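[1] Please find the sequence and the predicted model below.
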2 protein chains.
Amino acid sequence: MDVDKYADVHNRYEGLININPLMTGGRIPREVGERLLSKGWLEVGYAICYNCTEGRSDALGFPPVKEFLSDLAEFFGGDVAEHTLGCRAAQFAVFRAAAELDGYAKVAVVDSLCHYTTVIAAELSGLELVEVPNTGHPEYRVQVERFAEKIEEVSRRFGEAPALLALTHVDPYYGNLADVRKVGELAESYGTMFMVNAAYTAGVMPVNMRQMKADFLTVSAHKSMASLAPLGFLVAREERSSAVLKGASTALDWSKRAFPKKMVNLFGCSIGGLPLISAMYSFPLVVERVARWEEELKKTRWFSQEMEKLGGVRQLGEKPHNHHLLHFETDVLWEISKRHKRRGFFLAEDLEKRGIVGVQRGLSRRVKASVYGLSWEEVRRVRDAFRDIVNEYVEKFRIKL
Amino acid sequence: MDVDKYADVHNRYEGLININPLMTGGRIPREVGERLLSKGWLEVGYAICYNCTEGRSDALGFPPVKEFLSDLAEFFGGDVAEHTLGCRAAQFAVFRAAAELDGYAKVAVVDSLCHYTTVIAAELSGLELVEVPNTGHPEYRVQVERFAEKIEEVSRRFGEAPALLALTHVDPYYGNLADVRKVGELAESYGTMFMVNAAYTAGVMPVNMRQMKADFLTVSAHKSMASLAPLGFLVAREERSSAVLKGASTALDWSKRAFPKKMVNLFGCSIGGLPLISAMYSFPLVVERVARWEEELKKTRWFSQEMEKLGGVRQLGEKPHNHHLLHFETDVLWEISKRHKRRGFFLAEDLEKRGIVGVQRGLSRRVKASVYGLSWEEVRRVRDAFRDIVNEYVEKFRIKL
């Protein structure tokens, strides 16, 4: 076993223009990375735990985790926030609490563009999922107006209302922005718990859960808050928070030990570690960039229009688009891939030669991309790269558009 | 909301001698920290995901996660390894799989010194816990010979054998080393799944799950593998792994989506991120330091003896001790705290003045400490600090020992 090879693997994509929509909101400013080292946080895995007396990282005064969580809750229009082992762990906590509610069916009504981690949260919690349809190709708009119909359907089938409504604020497939408040009002009228998954929005665009009438907001710091992975946040409104943020109830039979301070649905303590420090360091930037969201949207919309000008490219999802995640149907790239010796891999490889990384390797029929956080000059470079690649092969392979 | 204050919080304990037993095995070599920055991994939260095509970080060829996990499994005597969102997530996966086994009682038999995360894994999975007693003060030895009796007890009460036996290799309270193989043989004879929680051992001392006859080994990278938090590993023997490492089974009703590649018990994909790169970078060091375990044990035992020489100090748990986590009953410090204006806080504060950090603030009646990974010179400095503090106050307050 040769273990020395692991000691200095280099990130071969460092410094390239990254257009992976999963990554652009999690880009870490160079000075934040440098500060993590220079300010002493890369010293020990449990670096934030020096002053722990409660056995809970969310209670720490130094580093100021407690204060940070309070400010973060306010920033997202909530009352209380907890850091979590990723947005998936935040969703799990909400689903698990919903599964334990008396008087409700063990069902969650969710949008049909929810992320797979929502499905896993449900499966782990024993909640059945009922989907609210979307309009399908090409817009894939989630029909939020049909939430009521699905709630009624569940109530008839199970004799009880669903325990939870869950809606993806912006979905991971098409980057569509759902009309969250409409579902929030519905949840309020039915008295049903309402969770909004803001993994792709909280930290890049304005998000206010109070305006959404959401009880819970789940956030991904490494997706949208310029933070290291893995880290998420669960933000809650006071009224509904106690069911989710409750202590462990097990009492051990022989030792009589019990852990009432440890939040069972969050695995006791969510540790935090360096990712949490990175989220703190990036927070001022995040607050500032959210205020500049309209500017970012201009880049996104310009880029989408430019891509469609290439011919044989169509943006799916909402138009004009309201989020940086763009999904293109790229017939022209698909035609090229049929003739190219590298098949679908030509696109990622040719972009990489031009200093651009982040489209999924092997895919050419459909391409997801994001120009979030890039300068206008970089956005133009990305457009130019796609244009040059398309033009080169359309001519070479004599493709008719 | 003043958010700028979060931008550069400094780790005020950087560079001090750290004797927190939770932290000493997770200390990150300076060069590893520097390399994380210089090799480009602090660029984006999802830094390891550039080449993802399977939607699973454990399948990555670059960075070499797949190969690393394979080497890591071999290093711990297992067949397959997965990285997880901490050791707690690894335990949860095992408990959840156990809870789904047909033909077994929904009960796990565990040692009475198990970590709280084992209790939470059980509560989240709906498994009842039955504890195997320990011998109590002062040795607190887990009576592994009584596992058989508890298995029989469960079988009588529930009509079925327990679904899982779980044993903490070295416990977090006294640092006692359990006779794991004895329980492994028992598990084998009953055909019951057997999990060993090696959070405090795997990565600091020799651990071979095959010799232990364990089916699952749970590991904490930030506790014992010189890695950033949060990161754990689940190592498994082939025969039992499929129940735990299975795909999600939900099929959605409208979209017909399904996620069979996403491992449901591990939240689909465990992300990894920078902590996983740190574990890779540290792995050569970890392999090397495990081979030097006997040397470390010498420091631990010497330090324990020196502490007892202070008078009014007694080491609890096994003697001679077999792990770096030491737990002292410190009557002399307790007597001092009653007379000191800073009460129990005097100890942490006086140690800090001497450049030593890591005893729990406010506690003086009992003290946990570890000199793991310190040089002999540093170990002596820690001994000197305790000695000087005790001598100073014993004289000042005229305490009779």
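    That came through, no problem.
[2] Where do the strands of chain A begin and end?
    A:17-18, A:80-84, A:105-111, A:128-132, A:162-168, A:193-197, A:216-220, A:232-236, A:314-315, A:326-329, A:356-357, A:366-369 (DSSP state E).
[3] Chain B: which of the ones you listed is closest?
    Among these, the nearest to chain B by Cβ to the nearest Cβ is strand A:128-132 (3.9 Å). To be clear about C-beta, it is placed using only N, CA and C from the backbone, and glycine gets the same treatment.
[4] Pull the residues that contact that closest one.
    A:106-112, A:119, A:122, A:142-144, A:146-147, A:150, A:153-154, A:162, B:250, B:252-255 (Cβ atoms under 8 Å, 6 or more residues apart in numbering or on different chains).
[5] Same check on stretch A:142-153?
    So stretch A:142-153 is contacted by A:109, A:111-113, A:130-135, A:161-162, A:165, A:167-168, A:171, A:176, A:178-180, A:182-183, A:186, A:190, A:192 (Cβ under 8 Å, 6+ apart).
[6] just to revisit the earlier point, quick one: buried ones out of the contacts of strand A:128-132?
    By neighbour count, with 16 or more other Cβ atoms under 10 Å in any protein chain shown, those hold A:106-112, A:119, A:122, A:142-144, A:146-147, A:150, A:154, A:162, B:250, B:252, B:255 as buried.
[7] Need the single longest helix in chain A, by residues.
    As assigned by DSSP state H, the longest helix anywhere in chain A is helix A:376-396.
[8] Quick check: buried residues in stretch A:318-330?
    Neighbour-count burial for stretch A:318-330 [16+ other Cβ under 10 Å]: A:318, A:321-330.
[9] Show me which pair in those residues is furthest apart.
    Using Cβ to Cβ, the buried residues of stretch A:318-330 span at most 21.3 Å, a distance reached by A:322 and A:330.
[10] hang on, the earlier thing: then the longest helix of chain A to PDB, C-alphas only?
    Taking C-alpha atoms only, helix A:376-396 is exported to PDB below (Å, rounded to 0.1, in the frame of the first residue of the first chain):
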ATOM      1  CA  TRP A 376     -18.500  40.500 -17.200                       C
ATOM      2  CA  GLU A 377     -15.200  39.800 -18.900                       C
ATOM      3  CA  GLU A 378     -15.200  36.200 -17.700                       C
ATOM      4  CA  VAL A 379     -18.900  35.800 -18.700                       C
ATOM      5  CA  ARG A 380     -17.900  36.900 -22.200                       C
ATOM      6  CA  ARG A 381     -15.000  34.500 -22.200                       C
ATOM      7  CA  VAL A 382     -17.400  31.700 -21.400                       C
ATOM      8  CA  ARG A 383     -19.700  32.800 -24.200                       C
ATOM      9  CA  ASP A 384     -16.800  33.000 -26.600                       C
ATOM     10  CA  ALA A 385     -15.600  29.600 -25.700                       C
ATOM     11  CA  PHE A 386     -19.000  28.000 -26.400                       C
ATOM     12  CA  ARG A 387     -19.300  30.000 -29.600                       C
ATOM     13  CA  ASP A 388     -15.800  29.000 -30.900                       C
ATOM     14  CA  ILE A 389     -16.300  25.400 -30.100                       C
ATOM     15  CA  VAL A 390     -19.700  25.200 -31.800                       C
ATOM     16  CA  ASN A 391     -18.500  27.100 -34.800                       C
ATOM     17  CA  GLU A 392     -15.400  25.000 -35.200                       C
ATOM     18  CA  TYR A 393     -17.300  21.700 -35.300                       C
ATOM     19  CA  VAL A 394     -20.300  22.900 -37.200                       C
ATOM     20  CA  GLU A 395     -18.000  23.800 -39.900                       C
ATOM     21  CA  LYS A 396     -15.700  20.800 -39.600                       C
END
